[in-house]
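1. Got a predicted structure plus its sequence, pasted below:
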Amino acid sequence: MKKLLEKFENFRKKHPVPKKLRTPLAILSLLLWVAIASIGAQYLVGYLLLWTIGVDRLGINTFNVLYQVISYAVTLFLVIYVPYKISKKGKTTREEIGLKGWPTWTDIWLSPLGFIAATLIAMALAALFSLFPWFNADEAQNIGYTTLLYGSDRIFSFIATAIIAPIVEEIVFRGWLYGKIRSRLNMFASIFIVSLLFGLVHMQWNVGVNVFATSIVLCALREMTGTIYSGILVHIIKNGIAFCLVYIMGIGL
């Protein structure tokens, strides 16, 4: 592996990329890497669990939680650790990810306002896209749970969906990816590109439009506060409410 990396580095030095193409290629590489890591981790972990525990057990809520947690751990490993090991330029600081310091009272009171803003923008975009016959705003998102949850299933599923998922997704998208792209582009272009990819990786039209709107607000919050803490809180509120409505109250099942 080390020899392969050395050959790649030597090839890069002998064939430098033209200056005009460096920024577009760098951004494209970042987007592809996050997309491959996010989606690839799900398939990799899914197939490994299918092979080890079987398809019947994977359908059990407990194992679905295990699948989610491992997938997010692999995604973090691929997105943040692997580039650092491949190249010194891949090193990422806490400040670049948006985890500088600790959450503040400003982060806390901004979170409900951010949730309301994200909801309103998502409703407006959903109404706009509803003009197209191929868009189904009421299509349910499948995250692996198909029944109302009780007892320990409810607790662990809530932790995975409403706490772990928001934290990891914010670190990856509004943290690592936004930090890398923002250092190369202006604010508006960075927000649009990150939010577009965030919508695309969810691979479902109505969900994609919804999370695109949410991402716009979360990126804006990072610009306002300099960290992703308020974004994490907004994401937790959003996922927590959705989880309770669907898998505890049974609305939409």
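-> Here it is on my side, so go on.

2. Give me the nearest residue to the residue nearest to the spatial centre of the chain, chain neighbours excluded.
-> Centroid-nearest residue in the chain: Glu169, 3.2 Å away (criterion: CA atoms, centre = their mean). Of all residues not flanking Glu169 in the chain, His235 sits nearest, at 6.7 Å (CB to CB, 6 or more residues apart in numbering). Bear in mind the C-beta positions are built from the backbone N, C-alpha and C, glycine included.

3. Kindly report the same for Gln68.
-> Nearest residue to Gln68 in three dimensions, chain neighbours excluded: Ala160, at 4.5 Å (CB to CB, 6+ apart).

4. That neighbour: what's it in contact with?
-> The contact partners of Ala160, by CB atoms under 8 Å, 6 or more residues apart in numbering, come to 65, 68-69.

5. any idea how far Pro133 is from it?
-> 35 Å (CB to CB, to the nearest Å).

6. Ala127 too?
-> 15 Å.

7. What strand or helix carries the residue nearest to the centre of the chain?
-> Element membership of Glu169 [criterion: DSSP states H and E] is helix 165-169.

8. Which secondary structure elements does that helix sit against?
-> helix 61-76, helix 229-243 (3 or more CB pairs under 8 Å, 6 or more residues apart in numbering; DSSP states H and E).

9. where's that helix relative to the chain centroid, distance-wise?
-> When C-alpha coordinates are averaged (CA atoms, centre = their mean, to the nearest Å), helix 165-169 and its chain have centres 6 Å apart.

10. what's the answer for stretch 232-248, then?
-> Distance of stretch 232-248 from the chain centroid (CA atoms, centre = their mean) equals 15 Å.

11. repeat for stretch 198-205
-> 10 Å.

12. ends of that stretch, how far apart?
-> 12 Å (CA to CA, to the nearest Å).

13. The nearest residue to Val234 once chain neighbours are set aside and Phe158: what is the separation?
-> By the measure of CB to CB, 6+ apart, the closest residue to Val234 outside its immediate chain neighbours is Gly114, 4.1 Å from it. Remark: distance between Gly114 and Phe158 (CB to CB) = 21 Å.

14. and what of Glu139?
-> Using CB to CB, Glu139 is found at 23 Å from Phe158.

15. Settle it for me: which of these two has more neighbours?
-> Shown here are Glu139 and Phe158; by other CB atoms under 10 Å, Phe158 has more neighbours (19 against 11).

16. these two touch, right, the more buried one and Gly240?
-> Yes - using CB atoms under 8 Å, Phe158 is in contact with Gly240, at 7.3 Å.

17. so how far is the longest helix belonging to the chain from its chain's centroid?
-> In the chain, with assignment by DSSP state H, the single longest helix is helix 19-53. Taking CA atoms, centre = their mean, one finds the center of helix 19-53 at 12 Å from the center of the full chain.

18. got it, and stretch 218-232?
-> On CA atoms, centre = their mean, the centre of stretch 218-232 falls 14 Å from that of its chain.

19. again with stretch 194-212
-> Using CA atoms, centre = their mean, the offset of stretch 194-212 from its chain centre is 10 Å.

20. residue boundaries of the helices in the stretch 151-253 of the chain?
-> Counting by DSSP state H, counting those that start in this stretch, one finds helices in the stretch 151-253 of the chain at the ranges 151-158, 165-169, 178-182, 187-200, 205-225, 229-243.

21. got the CA coordinates for the last one in CSV?
-> This means helix 229-243. Extracted in CSV, the C-alpha atoms of helix 229-243 (Å, rounded to 0.1, in the frame of the first residue of the first chain):
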residue,chain,number,x,y,z
TYR,A,229,-23.3,22.1,17.6
SER,A,230,-26.5,24.0,16.8
GLY,A,231,-26.9,21.9,13.6
ILE,A,232,-26.5,18.7,15.6
LEU,A,233,-29.3,19.9,18.0
VAL,A,234,-31.6,20.8,15.1
HIS,A,235,-30.9,17.4,13.5
ILE,A,236,-31.6,15.6,16.8
ILE,A,237,-34.9,17.5,17.2
LYS,A,238,-36.0,16.7,13.6
ASN,A,239,-35.1,13.0,13.8
GLY,A,240,-36.4,12.6,17.3
ILE,A,241,-39.9,14.1,16.4
ALA,A,242,-40.1,12.0,13.2
PHE,A,243,-39.1,8.8,15.1
